[in-house]
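K.L.:
Predicted coordinates and the sequence they were generated for:
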Amino acid sequence: MEETQLIQGLRKQQPKAQQEALKRYGQMVFAQVARLVGRQEDAEEVYQDVFLKVFRHMDQYEENRSTLRTWLMRIAYNESVSFLRRKRQRMIYFEEHEGELESITDAEVEETLGRPNAEVVQLIRAAIQHLPPDEQAIITMFYYEEMSLKEIAFVTESIPTTIASKLSRTRKKLCKIIQTLRS
């Protein structure tokens with residue numbers, strides 16, 4: 001089934017098209033949701049909410065604004081962040097102190113995050129948990145989903161230059177958190 005046929009079928013709420021969408025995009029959506037919300041049970045709940053919303057609101061999808069994949073990721077992002085806000089998990093996030101991140105150079109970030117070995121990957125996974133949900137999402141989409149800045153901007157309802165700035169700042173935060181975890 002071609003993408004245009006899939007979209008038409010989803011708009012008509014055809015079960016075959018819905019099954020195809022789940023087959024094609026389900027694993028990717030679940031992976032993003034799971035990385036953002038953490039717990040398996042919560043991820044399953046949000047995953048279901050994402051596809052219910054997609055199937056009910058296909059009339060809102062605009063092909064000229066994004067690909068179906070990017071639109072799905074936007075819904076997954078929004079549902080995940082909404083879930084985390086509702087849940088208000090008591091998590092302690094890294095708080096930057098005045099000037100703390102400015103002292104970290106791009107070279108230092110590259111040295112820490114550049115060519116990750118097994119230890120660094122483990123530290124990055126631990127460090128991500130100390131970021132707020134929106135920053136976790138940006139890191140996840142950029143590194144795990146390999147989305148472009150333009151795609152991330154669409155998903156987060158932002159602009160690419162803002163995402164580039166947030167990504168740079170968040171990478172510095174990750175670097176600082178990893179330095180803290182190592183000491």
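P.N.:
Thanks, I have the structure now. Residues are numbered from 1 along each chain as shown.
K.L.:
what's the neighbour count on Glu2?
P.N.:
Here the count is done by other CB atoms under 10 Å, and Glu2 has 7 residues near it. All C-beta spots, glycine's among them, are computed from the backbone N, C-alpha and C.
K.L.:
all helices for the protein, in order.
P.N.:
Taking DSSP state H, the helices of the chain run over residues 3-11, 15-37, 40-56, 68-87, 106-113, 118-128, 133-139, 149-156, 160-182.
K.L.:
Output those helices in CSV, with mean pLDDT appended to each entry.
P.N.:
Output for these, formatted as CSV (pLDDT from 0 to 100):
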stretch, mean pLDDT
helix 3-11, 93
helix 15-37, 93
helix 40-56, 94
helix 68-87, 89
helix 106-113, 78
helix 118-128, 77
helix 133-139, 84
helix 149-156, 92
helix 160-182, 87
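K.L.:
what's near enough to touch Arg171?
P.N.:
Residues near Arg171 by CB atoms under 8 Å, 6 or more residues apart in numbering: Val109, Leu113, Ile139.
K.L.:
isn't the first one right up against Lys172?
P.N.:
Just to be clear, that refers to Val109. Yes: Val109 sits in contact with Lys172 when judged by CB atoms under 8 Å, with a separation of 5.9 Å.
K.L.:
re earlier: who wins for neighbours among the contacts of Arg171?
P.N.:
Busiest of the contacts of Arg171 [other CB under 10 Å] is Ile139, holding 21 neighbours.
K.L.:
For that residue, give its distance to Ala34.
P.N.:
Using CB to CB, to the nearest Å, we find Ile139 at a distance of 14 Å from Ala34.
K.L.:
again, but for Ile178
P.N.:
Separation of Ile178 from Ala34 (CB to CB): 22 Å.
K.L.:
go on, Leu113?
P.N.:
22 Å.
K.L.:
Contact partners for the residue positioned nearest the centre of the chain?
P.N.:
In the chain, the centroid-proximal residue (CA atoms, centre = their mean) is Ala137; its distance is 3.2 Å. Ala137 makes contact with Gln32, Leu36, Tyr77, Ser80, Val81, Val155, Thr156, according to CB under 8 Å, 6+ apart.
K.L.:
and if we set it to 7 Å?
P.N.:
Neighbour list for Ala137: Leu36, Tyr77, Val81 [criterion: CB atoms under 7 Å, 6 or more residues apart in numbering].
K.L.:
likewise Val50?
P.N.:
Taking CB under 7 Å, 6+ apart, we find Val50 in contact with Val29, Val33, Ile75, Ala76, Glu79.
K.L.:
Met28 is in contact with the fourth one, correct?
P.N.:
No: at 8.6 Å, Ala76 and Met28 do not qualify as touching, with contact defined as CB atoms under 7 Å.
K.L.:
Show me which of the two is the more surrounded one.
P.N.:
A count of neighbours by other CB under 10 Å puts Ala76 above the other of Ala76 and Met28, at 28 against 15.
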